[in-house]
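In: Predicted model and sequence below, questions to follow.
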Amino acid sequence: MKCDSTYDDFLCLSELDLLEKRLVVFTGISGSGKSSAIQYLVSRFPEITKQGVESIAGERLKWKSSYSARWLLVDEVVSLRDAWIIKQLVERGHRVIAASHLSVPVFKTICLSIDGLYFRTDDASDKLARYISNQGVEYDESSMKQFIDQFGQSYTTLDVVLGYCQSKTLAGAMEYFSRHCTLSLSRQ
C-alpha cells in the first residue's frame, strides 16, 4: 500500500472510500495524531467541505437537537455519553469524523448498527521512528521501545522529551529526561 508523502499517512487514509461512510473514528492517547488525521481527511477530500462542515471541540460534547452541516468533526470524545451522542447524530443523517480516547471495541459496541471506519492512532510502531528521523534525531530499537513502553506513541510527548535537552539521540534524550524530569501519563 502506497501512502501519501506530504503527510505521514501511517493509516493510509488517502486510500479510503470516505464518502460512502457515515462514521470515521480515530482512537488513541493524547498526542498520537487523531486531530491531525481529521485535518488530513478534510484537506484530502474537498467534497467534505463542499457538503458543509462544523467542528465540535471541547471536553464535553454539547448536545444540540440539530446541526446544519452534513459533516461534523468532533474532537475529544471522552465519555460513553459522548459516544452515544455521536451515534444519535449519525442516525439523524450527519456524517461524523471523531477523535476519541475511548477504545475501538467500546465505540463499535455503542455504534453497532452504524457502518463505520475505526482507527487506532497509537498502533503503528514505525510512525515515531519516521517522525524523529525527519528531525535528524538518531534512535535505536532499544531507546524507541523504552520510549513507547513508558509514554505510548505520542508525538506530543516525544517532542517534550526531545525538547527538554539538546541531545541528537533518543537514547540521550531519554536518559537526560529520566534523570531530571517526572512525567506521569494516564494511558488507556
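Out: The structure has been received and is ready for your questions.
In: Any figure for the gap between the nearest residue to C181 once chain neighbours are set aside and Y176?
Out: Leaving aside its sequence neighbours, C181 sits nearest to Y164 (C-beta to C-beta, 6 or more residues apart in numbering; 6.3 Å). Bear in mind the C-beta positions are built from the backbone N, C-alpha and C, glycine included. According to C-beta to C-beta, to the nearest Å, Y164 and Y176 sit 7 Å apart.
In: how would you label D9: helix, strand or coil?
Out: Judged by DSSP: H, G, I helix; E, B strand; the rest coil, the three-state class of D9 is coil.
In: Ramachandran coordinates for it?
Out: phi -80, psi 60 (degrees, to the nearest 10).
In: Quick check: nearest residue in space to the most centrally placed residue in the chain, chain neighbours excluded?
Out: When C-alpha atoms, centre = their mean is applied to the chain, the residue found nearest the centroid is K34 (1.5 Å). Using C-beta to C-beta, 6+ apart and skipping residues adjacent in sequence, the residue nearest K34 is A99, 3.6 Å away.
In: residue ranges for the helices of this structure, please.
Out: Under the criterion DSSP state H, the chain contains helices at 34-44, 46-51, 80-91, 104-110, 127-134, 141-151, 155-164, 170-180.
In: Of these, which is nearest F119?
Out: Of all the helices of the chain, helix 34-44 sits nearest to F119, with 7.1 Å by C-beta to C-beta.
In: Just want the angle from the closest one to helix 155-164.
Out: 110 degrees (axes from the mean of the first three to the mean of the last three C-alpha atoms, to 10 degrees).
In: Sort out which residues of helix 34-44 are buried, please.
Out: For helix 34-44, a neighbour-count test (16 or more other C-beta atoms under 10 Å) marks 34-38, 40-42, 44 as buried.
In: Next: stretch 15-23.
Out: 16, 18, 21-23.
In: Any chance of the buried residues of helix 34-44 in TSV with distance to S142 as columns?
Out: Below are the buried residues of helix 34-44 laid out as TSV (distance: C-beta to C-beta, whole Å):
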residue	distance to S142
K34	28
S35	30
S36	27
A37	29
I38	33
Y40	31
L41	35
V42	38
R44	36
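In: ok so, going back, what is the burial count for the residue nearest to C181?
Out: By other C-beta atoms under 10 Å, 14 other residues sit near Y164.
In: do G136 as well
Out: With other C-beta under 10 Å as criterion, G136 counts 7.
In: Per the annotation, how does this protein divide into domains?
Out: 13-120, 127-180 (automatic domain parsing).
In: Redo the ones you listed as JSON lines? Include mean pLDDT.
Out: Listed next are those as JSON lines, based on pLDDT from 0 to 100:
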{"stretch": "domain 13-120", "mean pLDDT": "89"}
{"stretch": "domain 127-180", "mean pLDDT": "91"}
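In: can you put these in TSV and add distance to Y7?
Out: Formatted as TSV, those follow (distance: least, C-beta to C-beta, whole Å):
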stretch	distance to Y7
domain 13-120	5
domain 127-180	11
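In: before we move on, back to that, mind checking how far the residue nearest to K34 is from V137?
Out: From A99 to V137 the distance is 26 Å (C-beta to C-beta).
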